[in-house]
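Trainee: Test case, fold it:
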Amino acid sequence: MKIYLCLVGIGTGNPDHVTRQGVKALNGADLILVPHKGAGKADLAELRLQLCKELVTNPATRVVGFDMPVRDGDDPDYPAAVNRWHDAIAEVWLTTISSHLPAGGRVALLVWGDPSLYDSTLRIAERLAVQLPVKVTVVPGITALQALTAAHAIALNDINAPVTITTGRQLRDHGWPQNADTVAVMLDGHCAFQHLLPQDITIWWGAYLGMPQQICIAGPLAKVIARILVERQAARAAHGWVMDTYLMRRGGRA
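Mentor: Got it, this is the predicted structure:
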């Protein structure tokens with residue numbers, strides 16, 4: 001049994017964001033796996049299914065859903081909790097693939113954004129390879145940062161200047177990264193920018209980037225922070241989930 005696993009970056013789920021290489025990979029798969037993350041996030045699975053409906057024309061390709069394990073958010077040992085969660089996901093992948101492709105074959109997974117930037121799918125795939133022969137390939141996708149800077153029509157970096165990419169957890173626990181002027185923040189479920197001194201910081205924030213419900217807010221952090229919090233909360237209540245990211249720059253101008 002040999003599995004060829006292709007991780008296809010799908011950007012924000014907009015079919016126009018999937019590359020021709022990604023479309024080819026999806027249509028070349030025997031099996032496409034779609035995670036279900038519970039009733040509150042049913043729209044996420046539906047977006048993947050709709051994308052498959054629009055892009056997959058191969059009648060032999062099967063689209064199969066699986067129930068995504070839930071990470072223990074109350075575990076104080078975050079790295080250990082994430083590792084256990086990834087182990088559980090790998091086990092579900094193994095069970096689902098073995099059930100539908102007992103003789104092996106080609107499997108595709110649709111990954112939000114790009115599989116190589118702040119995404120754990122590659123690490124989960126490594127766990128799968130411990131238990132059966134797997135060859136992993138990656139089709140890159142539009143990252144959240146690309147979608148964000150495009151939505152605001154701004155450059156990611158200043159001239160000849162670096163950019164620090166970090167997470168909401170790191171920003172909340174350790175503050176503004178040392179020696180950084182431009183900071184891109186991902187995986188922030190709790191608006192960590194609230195913990196910064198907002199003076200002289202400009203923020204470019206976006207949610208549902210590339211989707212019809214896209215929201216973009218930019219300006220001096222001190223002036224727009226309340227608006228971001230209100231609109232983010234309202235959007236989450238309306239849709240049951242929210243995907244957002246933001247860029248901040250010291251001395252920047254919106």
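Trainee: okay, now the domains of this structure?
Mentor: Structurally, the chain divides into domains by automatic domain parsing as follows: 2-139, 144-250.
Trainee: for the stretch 1-150 of the chain, which spans come out with low pLDDT?
Mentor: For the stretch 1-150 of the chain, the stretches flagged by pLDDT under 70 are 38-42.
Trainee: hey, where'd the helices end up in it?
Mentor: Counting by DSSP state H, counting those that start in this stretch, the stretch 1-150 of the chain forms helices over residues 20-27, 42-55, 78-100, 121-131, 144-152, given from the N-terminal end onward.
Trainee: and of those, who's closest to residue 137?
Mentor: Between residue 137 and these, the tightest spacing by Cβ to Cβ is seen for helix 20-27, at 7.8 Å. Just so you know, the C-beta spots here come from the backbone N, C-alpha and C atoms, and that holds for glycine as well.
Trainee: Settle this for me: residue 166 is touching residue 178, isn't it.
Mentor: No: with contacts defined as Cβ atoms under 8 Å, residue 166 does not count as touching residue 178, sitting 11.2 Å away.
Trainee: So those two - more neighbours on which side?
Mentor: Neighbours were counted for residue 166 and for residue 178 using other Cβ atoms under 10 Å; residue 166 has more, 19 against 7.
Trainee: Tell me who's in contact with the more buried one.
Mentor: For residue 166, the set of contacting residues under the criterion of Cβ atoms under 8 Å, 6 or more residues apart in numbering consists of 177, 183, 184, 185, 186.
Trainee: Let me know the closest of those residues to residue 21.
Mentor: residue 186 (23.7 Å).
Trainee: since we're on the closest residue to that closest one other than its chain neighbours, how many residues are nearby?
Mentor: Of all residues beyond its chain neighbours, the one nearest residue 186 is residue 118 (4.7 Å), with distances taken as Cβ to Cβ, 6 or more residues apart in numbering. Other residues lying near residue 118 total 16 when counted by other Cβ under 10 Å.
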